[in-house]
Every structure is written in C-alpha cells, then in structure tokens.
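Undergrad: Build me a structure from this.
(chains A and B)
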2 protein chains.
Amino acid sequence: MKLYFSPTSPFVRKCLVTAHELNLVDRLTFLNCSAHPVNRDPSIIVSNPLGKVPTLVTDDGVALYDSRVICEYLNSLGGGTLFPIAGPARWAALAMQSLADGVMDAALLARYETNVRPEALRWNDWTNGQLDKIATSLGHLEAHPELLTPAVHIGNLTLGCALWYLDLRYADLAWRSKYPHVAQWAASFMERPSLKGSWSLPA
Amino acid sequence: MKLYFSPTSPFVRKCLVTAHELNLVDRLTFLNCSAHPVNRDPSIIVSNPLGKVPTLVTDDGVALYDSRVICEYLNSLGGGTLFPIAGPARWAALAMQSLADGVMDAALLARYETNVRPEALRWNDWTNGQLDKIATSLGHLEAHPELLTPAVHIGNLTLGCALWYLDLRYADLAWRSKYPHVAQWAASFMERPSLKGSWSLPA
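TA: Below you'll find the model as predicted:
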C-alpha cells in the first residue's frame, strides 16, 4: 500500500498510529508530497482530487481517503478491534474520533492563518475562534473525565494524535496544566508504542 | 431526537436527507442555533464542544457528531442499508462520502472567506485554492463516470447535498455545463424525494 505522507500532519499520524497498532506499518510505502491548501500538489490530486493527505492507495489500486476511511480500512485489513462493531461502544468511539478530528481541524486552520496566510491578511478573531474550539473541547473532556478511558479504539488513538499535534505546534497552550484530567489520561495512554516516539517518520 | 439545525448547512442537509431516506424525519426535533466559526454559539457547545452543526442528541441523551456519525446512527436506528456493510462496496461508498464532504468543506471555507471575513483581510489565493478543490473533485467524477452510479448509499446522498450547496451558494460556477456527466447523474439521482424540495426546512 502507498500512503501520501506528511511528517507533521496529525491526520497522517493518525493513520500511522493505526497502522502501528495493527502491525501494518511494514506494508506501507510512503510517498513524499507537499499538501498545501493554496499551492496544491498535483501528485496527490492524481489519486485524491481533494489534494489532501493522508491518501492511501491500496494494493488493488483503490484510492482511499480521508483518515477515517483509511483507518477503518486498515482495521479491516488487519483484523483489528479499533472500531467497536455496534451499540453504545461504537457511538462513543466514533464521537470521540469526531471530537479529536475537530480539534485537529481547528488547530490546522489556526496554523494556516498564522503561518501560511500573508501577515497583513490575518484575522485574529478567526484564529481565536479556532483556538476556542480546542479550549472548549479539552474543557469538555476535563469536565467529563468518565470519557477518558483506557480503551484502545479509534477515538482514543485520535485523541492521542490531536494532543501530539498540540505539543508540536501549540506548546504555549500549556494544555497539561489547564486540563489535568486530560494530562493524566495522556500520561498513561500515550505511552503506547504506537503513539510514542518517532517510528512514524520514514528516513 | 434533537438536531441542532441550520437551514443552509450542507452537512445538516446530509443528515436530513439521510433521515428522510429512513423515514425518521418525524422523530427529529429541530433546535435553532447560530453556528458560527468566530461568534461561537454556547447553546451548541453544551452538547458538542466543537460548537458545530449538525449535532444530534439521541433519545438516550447521547450527543453525536459530526454528520458521518449522525448518518450512520440514523441508518442503524432505521435499519437502513445506506452504509454497505463490507468489502469494495463499503470503501467505494465511504470514499465518495469523503470526496463530497471535502467539496462541502471547501465550499464552506471559501464562503467564510468571502462572506464572513472582513473584506480587507480576504486572500484570493485561499479562496481560489478552495474553489480549485471543488473543480478537481468534480473534474475527477467527470473523468470517471463509472463512479457516478444510481446506488442509494451515503456517498451518493452526500454528493447530492454537495451539489445542492453549490447551487445555493455558487450558482456562478455553472457546474452543470462544465461537468455534463455529473449533471446527467444529478438530473436523475437528485429527483429522489429525500434530495428534492424544501421538506427539510422546518417552519
């Protein structure tokens, strides 16, 4: 399988973490590319007309995207249990995935605003709206620690990737001191080999 | 069930179309709200810390989001077949959903740029990047008409909603004349009662 790759994309990392959980990393070939919302990379568009990473091309030549579809495919391929099959466990895992995906989306939009857009055209209210999404989301988890479980499912793996991205790009948010329950969860859950270290970065 | 609602959100429409396909519309109560990326609506945040629509609150009081999770939940509740269970049919439907969701995302981001952001801070390159995502996506379908099937699944329903949104906000794109295969598909598929008309707008 081929994966269009970017080392700093949290959505790519989510796919790599999932592949690692399923012992499928060795079956992935990484395609270098330059996903960008303005200077779009035609090499990605060939497989995914949205031009985004992650995009997976299966051994059958089928292009799959976005990260949710790729992770579910990998889980199916690896015979995993990262997606609870039915009932409340499934909705809880999928809603957590949505929450964490939303945090990553907001963090990326804020990053585009402050690092991609020309300085004269930046709008603080937009950046603050995105950062506030991150704050209310982590605040929600802090206020509902029962949501912070050790279950190894796609929702919690995605949450780990979202927190990894906050550490990478928004260390100044100091989320660990503001959300101690979340920090406590992360201190334990993010010790999983899949979430830890730099294994995900091809040489 | 309660659905946080906005009449012009393509993602809300996707949930309503899905509910209509499953004969579940009558079980929905619509909650008025004002989803906005900058002036965030606290009434939504209570249920969904991302503050986005659509958000569904089930009869058991569980908050589900985003549209993908809500649609899958409705399909499960209604005993539907909108999500192929496994194999190539599932990946095709889910990839089409991702493509159409991506078109809607791009259209919304372009809309925020041209209608929400202060005029002096708008960046044409950003708007053009988003519109180009729409163009390459519809161009991909046009070049692969075998993807344009009459199957009633979540991918095709989402594509119908994306095209509905383009008609609503981007009539000047004239997608029907540029992408005749897509237009031909839409002329037939979008005659489905779920996709047609204004039934989805509560009084």
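
Undergrad: make it CA atoms for all contacts and neighbour counts henceforth
TA: Noted.

Undergrad: Just the buried residues of stretch A:53-63, please?
TA: By neighbour count on 16 or more other Cα atoms under 10 Å in any protein chain shown, the buried set for stretch A:53-63 is A:53-58, A:63.

Undergrad: Which of those residues sits closest to A:Ser188?
TA: Lowest distance from A:Ser188 to those (Cα to Cα) belongs to A:Pro54, with 27.0 Å.

Undergrad: if we can go back for a sec, greatest separation within the buried residues of stretch A:53-63: which pair is it?
TA: Spatial extent of the buried residues of stretch A:53-63 (Cα to Cα) is set by the pair A:Val53 and A:Thr58 at 14.7 Å.

Undergrad: tell me what the worst-scoring helix or strand of chain A on mean pLDDT is packed against?
TA: Using mean pLDDT, DSSP states H and E, the weakest-scoring helix or strand in chain A turns out to be strand A:29-32, at a mean of 93. The elements that strand A:29-32 packs onto, with contact taken as 3 or more Cα pairs under 8 Å, 6 or more residues apart in numbering or on different chains; DSSP states H and E, are strand A:2-5.

Undergrad: Report the rounded mean pLDDT for the strand it packs on.
TA: Regarding strand A:2-5, the rounded mean pLDDT is 96.

Undergrad: After the longest helix seen in chain A, heading C-terminal, what element do we hit next?
TA: Taking DSSP state H as the assignment, the helix of chain A that covers the most residues is helix A:87-115. As assigned by DSSP states H and E, the chain's next helix or strand after helix A:87-115 is helix A:124-143.

Undergrad: okay, the angle between the helix or strand that that following helix is followed by and helix A:87-115?
TA: Moving toward the C-terminus from helix A:124-143, the next helix or strand (DSSP H and E) is helix A:154-169. Counting by axes from the mean of the first three to the mean of the last three Cα atoms, to 10 degrees, helix A:154-169 lies at 20 degrees to helix A:87-115.

Undergrad: got the buried residues for the very next helix or strand once past helix A:154-169?
TA: Downstream of helix A:154-169, the next assigned helix or strand under DSSP H and E is helix A:175-178. Using 16+ other Cα under 10 Å as the test for burial, helix A:175-178 gives A:175-176.

Undergrad: same question, stretch A:14-27
TA: The neighbour-count check on stretch A:14-27 (16+ other Cα under 10 Å) flags A:14-22, A:24-25 as buried.

Undergrad: Among the residues you listed, which pair sits farthest apart?
TA: The span of the buried residues of stretch A:14-27, defined through Cα to Cα, is set by A:Lys14 and A:Leu24 at 13.3 Å.

Undergrad: what's whichever residue of chain A sits closest to chain B in contact with, if anything?
TA: For chain A and chain B, the shortest gap (Cα to the nearest Cα) falls at A:Leu121, measuring 4.2 Å. Listed by Cα atoms under 8 Å, 6 or more residues apart in numbering or on different chains, the contact set of A:Leu121 reads B:120-123.

Undergrad: Which one of those residues is nearest to chain A?
TA: For those, the minimum distance to chain A (Cα to the nearest Cα) is 4.2 Å, reached by B:Leu121.

Undergrad: pLDDT wise, what is the closest one at?
TA: On the pLDDT scale, B:Leu121 gets 98.

Undergrad: cool, and A:Trp199?
TA: What the model reports as pLDDT for A:Trp199 is 56.

Undergrad: Same check on the one 3 residues further on?
TA: Reading off the per-residue confidence, A:Pro202 sits at a pLDDT of 56.

Undergrad: who in chain A is up against chain B?
TA: Contacts of chain A with chain B, taken as Cα under 8 Å from any Cα of the partner chain, map to A:37-40, A:45, A:49-51, A:64-66, A:69, A:73, A:91, A:94-95, A:98-99, A:102-103, A:117, A:120-123, A:125-126, A:128-130, A:133-134, A:136-137, A:140.

Undergrad: repeat that for 6 Å
TA: Proximity of chain A to chain B (Cα under 6 Å from any Cα of the partner chain) is limited to residues A:37-38, A:49-50, A:64, A:95, A:121, A:126, A:129, A:133, A:136-137.

Undergrad: Most neighbours of all the residues you listed, which one?
TA: Neighbour tally across those (other Cα atoms under 10 Å in any protein chain shown): the maximum, 30 neighbours, falls on A:Leu50.

Undergrad: Spit out the contact partners of that residue.
TA: If you count contacts by Cα atoms under 6 Å, 6 or more residues apart in numbering or on different chains, A:Leu50 has them with B:Lys133.

Undergrad: ok so, going back, ok, and what's touching the least confident helix or strand of chain A?
TA: Residues outside strand A:29-32 that contact it (Cα under 6 Å, 6+ apart): A:2-5.

Undergrad: Many thanks, have a good one.
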